[in-house]
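Undergrad: here is the input, now give the coordinates:
(chains A, B, C and D, ligands or ions: 4)
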Amino acid sequence: MKQMTYAEAIRDAMRVEMLRDPNVYLQGEDVGKFGGCFGVTAGLFAEFGPGRIIDTPISETAIIGSAVGAAAAGLRPIAEIMFVDFTGVCMDELFNQAAKMRYMFGGKAKIPMVLRTPCGAGMSAAAQHSQSMEAWFTHIPGVKTVMPSTPADAKGLLSAAIRDDNPVVFIEHKQLFGLSGDVPEGEYVLPLGKADIKRTGSDITIVSWSWMVQKALAAAEILAKEGIQAEVLDPRTLVPLDKEAILQSVGKTNKLVIVQEAVQTSGFGGEISAIVAEHGFDLLDAPIKRVTAPDTPVPFSPVLEQAYLPSVEKIVAAVKSLF
Amino acid sequence: MKQMTYAEAIRDAMRVEMLRDPNVYLQGEDVGKFGGCFGVTAGLFAEFGPGRIIDTPISETAIIGSAVGAAAAGLRPIAEIMFVDFTGVCMDELFNQAAKMRYMFGGKAKIPMVLRTPCGAGMSAAAQHSQSMEAWFTHIPGVKTVMPSTPADAKGLLSAAIRDDNPVVFIEHKQLFGLSGDVPEGEYVLPLGKADIKRTGSDITIVSWSWMVQKALAAAEILAKEGIQAEVLDPRTLVPLDKEAILQSVGKTNKLVIVQEAVQTSGFGGEISAIVAEHGFDLLDAPIKRVTAPDTPVPFSPVLEQAYLPSVEKIVAAVKSLF
Amino acid sequence: MELTKEKLLGFYETMMTIRAFESKAVALFAENKLPGFVHLYLGEEAVATGVCANLGTKDYITSTHRGHGHLIAKGGKVDLMMAELFGKATGYCKGKGGSMHIADVDLGILGANGIVGAGLPIAVGAAFASKYRKSDAVAVCFFGDAASNRGTFHESLNMASIWNLPVVFVCENNMYGISLCQRDHMNICDISDRASSYGIPGITVDGNDVIAVFEAASEAIKRARRGDGPSLIECKTWRQRGHFEGDPAIYKDPAEQQSWLEKDPLPRLAKRLIELKYATQTELDQIQASAAEQIEAAVKYAESSPLPALTDVLTDVYAG
Amino acid sequence: MELTKEKLLGFYETMMTIRAFESKAVALFAENKLPGFVHLYLGEEAVATGVCANLGTKDYITSTHRGHGHLIAKGGKVDLMMAELFGKATGYCKGKGGSMHIADVDLGILGANGIVGAGLPIAVGAAFASKYRKSDAVAVCFFGDAASNRGTFHESLNMASIWNLPVVFVCENNMYGISLCQRDHMNICDISDRASSYGIPGITVDGNDVIAVFEAASEAIKRARRGDGPSLIECKTWRQRGHFEGDPAIYKDPAEQQSWLEKDPLPRLAKRLIELKYATQTELDQIQASAAEQIEAAVKYAESSPLPALTDVLTDVYAG
Ligand SMILES: Cc1ncc(C[n+]2csc(CCOP(=O)(O)OP(=O)(O)O)c2C)c(N)n1
Ligand SMILES: Cc1ncc(C[n+]2csc(CCOP(=O)(O)OP(=O)(O)O)c2C)c(N)n1
Ligand SMILES: [Mg+2]
Ligand SMILES: [Mg+2]
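TA: Ligands and ions are numbered 1, 2, ... in the order given. Predicted coordinates for the structure are as follows:
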């Protein structure tokens, strides 16, 4: 084990997997000498050179489209989109090409590629650089969606994503890049589709992912002082989703709060709620609550952005409203 | 009242609104002399000429992007995207530009535009020409999403969409184009955000929209013969959503089945379920069921496509499972 | 590469196979036997044939919604294609894809595509893979005149150029999108002129002359193979049918249609073969007959094949 | 249009205002007073100034992430801009947009934009609206060298050309995207060469010479106004700062940076003004001082303005 930040853990996963498999390469805007807009790829260019760490023009369509072609031809591209907000530019390549080729071709193609991209608000980057868009990706059969909340998960899940034979959208959170934690050295692979209980508790289940797991954990601490033991469940991968783990936890606590950073309407929290309302209805003692951003673009001004974001206080209040 | 098909009703709405307001124009691929890929715009070119019925190159990004610019500059464009499946190409223009400009600019812009586009499976058009993508649009604050199920609704809601000062995604269904019904002549505007009870019933609420309303109605007939009176509620506009109407109906029937053509995970049905599981939990006597397409791309072969689609039988079975 | 008798007769055979496949598709569609959209390549056979004659199995192509000709010219199997058009379990895609999504990755065919212009960056990626692996495989990307107005065209040619990738962009300029003719969708005559925006060679050839196509493609593909980067070839041609079956194509001037029918690539090659004494009319008729036979066999295969099982809906979404 | 003394002094004033605004932003950012990303226009002042000097209020512009210069040159109010950078309720966007999203629709400023290349089709739409209304208003679209590799560039120039729209595309070629220099992101030297793909005029000018920019823009804008369609102008220039504040720009060669600092557009225009005897150094110093004062006042306005109310988060999503 080694202390690493989330950003370092991501870099370490890429490094280890690139050393292991010569078919893995990275392309994206300013990922080379510059080291990436958030420094995540720093040092990789020096180690692997311009043949494998590839600076692209500002052409998201071609970044993802060419990754699809290279993957179909047998390579394992990691394609970075500088902000998840820019995926609107290359959506066709992701959802009509990468996601569907295998199925449309009757199972006779494999598209092993990873689209790595940072999401999230909290740095006053305003409406076009702060979004959480996982709900879109999870609505695309053929794509897997991964959103780690800790450095170790980031490493283990990115390694798994790189080794996976399907297109995987791997969403990093800008607010987590600096978070430190213990991370196994060398090869480290976690399974996709396995939730992690980040805190056990008996009174209520809080399901959340990415940055919001940290907020949920902070809320759980406060709640514990007030006698409410919250279980914090992090699905880690939204597709495939560990439904069993969620239902099992709700079976134990009989209450559910879902915390998502994305805007409320049609967010992934709604999917989780619907699954439980269908398959765990009899387990529930109380309404299912969602704590989410409001249905607005992300505002710029720090005061507004803080008001926009789901907060520890809002989570605490939502939980308490069920007792 | 006049008998019109759904396609004719859409055309009539455009015609009436274009006669009423010289700022309204239509642009899209082959919408001119050709009359549109599904014949929806037939005759408009002859009536309004090439200045207002405008054939575009195959450039979806510029079709929507230029509509945004024209709307910001005071016109009221209707931009047709030939299949909803192609909106992945112009997603940035819709979700980062059209949807957010007003908010980002502090309320000092208006983007009155309509993106008209047909959705849906059922004609063996395969994975890239058969999708239902409303969940994505409903996850974009700043955009309204409308999905009519009858000729009259199509006319009234399209007129409203054209008069609305916001970007509206107006999703037509290919399977409905030929459906006939009574449609008011001349100006006819329905409010956005008002659900319509397409069939009243006391035993269960079925919420569905677009083509699926027709299937739900057929299922309700069968159920009625077996003694189950289903209420079929058509929200008609998904954003803004008439939550009150849904909760009121569930308050009466205490049971809810949601029918959506889209793939299940993160579909709009999940949002409706989540709303009811939060705000109508105590009204519910039974789990909330969703009848949806499976999480797969749309298959080509007619037998597979029929197996893929939510059917009357599947709706009937889902309803009966709650009794 | 010399244009030997074998080579030219091979062209004729391929073109005739495409012609027979597509003519049969016209009839089958009219009989309501083919579900969905069918876009036919009739009249454009020389392009796919002339280009693909320069390619081997390890080379890649990306195709379009109008893909049958590309697939056949790249070695695709007509029985599996026909079964796919019928939506049968034995089709190339097990009935899941249909006409617009046929692929044969083992043959380097990375798929027909229902999204106009989507093949361009995919071809760039395949070419990248080839260069990455130090293979001399080349990727060829087919696309239409109207597709050249999509952003993917611009981004792909630029990326291929700066990375000096082994890819050849083949624009099939049949002068129409669906109903919009070239002069209404762009303000230039020769699409090959667009190559200069990327610092790569661009050339326009008569797309109904298989030999001209072959020679231009041969040069561009050799160039790509030896590491000298991408090029753009524009082939001027004509689709003889509507955009899709069912489109009466009333937007086309009958006189123009007539003049292009007179430039049909097949009789043109036939004339040449006879002039060169590479074949007699009888021999050519035999080629035609055997192509027709092959297609009849494919139809028989398709018709006698089973439909997919309903449970197949759920398979092939994810690998592994 | 004659380059009168008034006009040239006006250029100097505008450029100096931009310079003062941006220099102040450097300091404020360093003091941690400006949240979010700030992309500065220092060194590129001649482009916005020379272009916008040809525009009136009814004309439109679309801007970029590096928008302050465009906004000021088009008449944007520096106090409202500064308040927006501070995230205050009195800012152009009530604090909701920040540096990357400032707009003033009444002045024809259709917004800075955080998405590279997104302004191009929006400008096409504004130009369309102008033509549709039979107005002689023109739309000008600013974008960078790296932005010219986006698909939006291609689709927009093509659409503007076939519809003969009154739009002028102004490429600010500062030779870098973020860290990638032009020769690594495209294979041509002059981006204006790309105009030929659309059958429109393209021209390259020295973007640090406000007079050259003004003259080229004047011709293109007149052409657009009289209904003769779009053009592309490439202005070669240089950003003197990092891509955003905080970027040390180590990817740039210090010698190159030095040589461009020597081509700084402001001293260059100052020299010209003195040569032409349009101004004395003292008068120029006065212009500079008054620009600085104006910016100080803007900062004071911003600093003393209230923050937005928390409930403002929920407003301005929908009109009506
Ligand atoms: C992105 C996208 N836009 C529109 C369409 C609808 N469409 C299918 S083919 C076609 C015309 C294509 O013209 P061209 O590229 O010249 O190819 P051709 O059909 O002439 O071979 C159109 C508009 C599509 N499939 N994808
Ligand atoms: C679609 C998109 N891709 C990437 C980015 C990130 N980004 C912002 S500015 C920039 C460089 C832009 O370069 P250029 O167009 O030359 O303008 P300049 O910054 O030099 O003025 C990049 C990559 C973005 N904002 N939008
Ligand atoms: Mg064509
Ligand atoms: Mg630049």
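
Undergrad: how about the helices of the stretch 151-300 of chain C, start to end?
TA: With DSSP state H, counting those that start in this stretch, the ranges of helices along the stretch 151-300 of chain C come out as C:151-162, C:182-185, C:210-225, C:254-261, C:265-275, C:281-304.

Undergrad: surely residue C:142 meets residue C:62?
TA: Yes. Assessed by Cβ atoms under 8 Å, residue C:142 is found in contact with residue C:62 at 6.8 Å. For every residue, glycine as well, the C-beta is placed using N, CA and C.

Undergrad: tell me, what's touching these two both at once?
TA: residue C:119 (Cβ atoms under 8 Å, 6 or more residues apart in numbering or on different chains).

Undergrad: one step back: for the helices of the stretch 151-300 of chain C, which one ends up most surrounded?
TA: helix C:151-162 (a mean of 30; mean count of other Cβ atoms under 10 Å in any protein chain shown).

Undergrad: hmm, back to that, got JSON lines for the helices of the stretch 151-300 of chain C, with distance to residue A:161 and mean pLDDT too?
TA: Below are the helices of the stretch 151-300 of chain C laid out as JSON lines (distance: least, Cβ to Cβ, whole Å; pLDDT from 0 to 100):
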{"stretch": "helix C:151-162", "distance to residue A:161": "24", "mean pLDDT": "98"}
{"stretch": "helix C:182-185", "distance to residue A:161": "40", "mean pLDDT": "98"}
{"stretch": "helix C:210-225", "distance to residue A:161": "32", "mean pLDDT": "98"}
{"stretch": "helix C:254-261", "distance to residue A:161": "51", "mean pLDDT": "97"}
{"stretch": "helix C:265-275", "distance to residue A:161": "48", "mean pLDDT": "98"}
{"stretch": "helix C:281-304", "distance to residue A:161": "39", "mean pLDDT": "98"}
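
Undergrad: flag every residue of chain C that's near ligand 1.
TA: Applying Cβ under 6 Å from any ligand atom, we find that chain C lies next to ligand 1 at C:65-66, C:114-116, C:144-147, C:172, C:174, C:176-178, C:239, C:243.

Undergrad: before we move on, back to that, nearest to chain D among the helices of the stretch 151-300 of chain C would be which one?
TA: Closest approach to chain D among those is made by helix C:151-162 (1.7 Å; Cβ to the nearest Cβ).

Undergrad: chain center to that closest one, what's the gap?
TA: Here helix C:151-162 shows a centroid-to-chain-centroid distance of 21 Å under the convention Cα atoms, centre = their mean, to the nearest Å.

Undergrad: what's the local residue count around residue 251?
TA: Just so you know, I chose chain A. 13 (other Cβ atoms under 10 Å in any protein chain shown).

Undergrad: sorry, should have said chain C
TA: Residue neighbour count, defined by other Cβ under 10 Å, stands at 17 for residue C:251.

Undergrad: quick check: closest non-adjacent residue to it.
TA: Leaving aside its sequence neighbours, residue C:251 sits nearest to residue C:179 (Cβ to Cβ, 6 or more residues apart in numbering or on different chains; 4.2 Å).

Undergrad: what residue of chain C is the furthest out?
TA: residue C:311 (32.7 Å; Cα atoms, centre = their mean).

Undergrad: what does the stretch 101-250 of chain A put close to chain C?
TA: Near chain C, the residues belonging to the stretch 101-250 of chain A are A:101-110, A:112, A:141-142, A:144, A:164-166 when assessed by Cβ under 8 Å from any Cβ of the partner chain.
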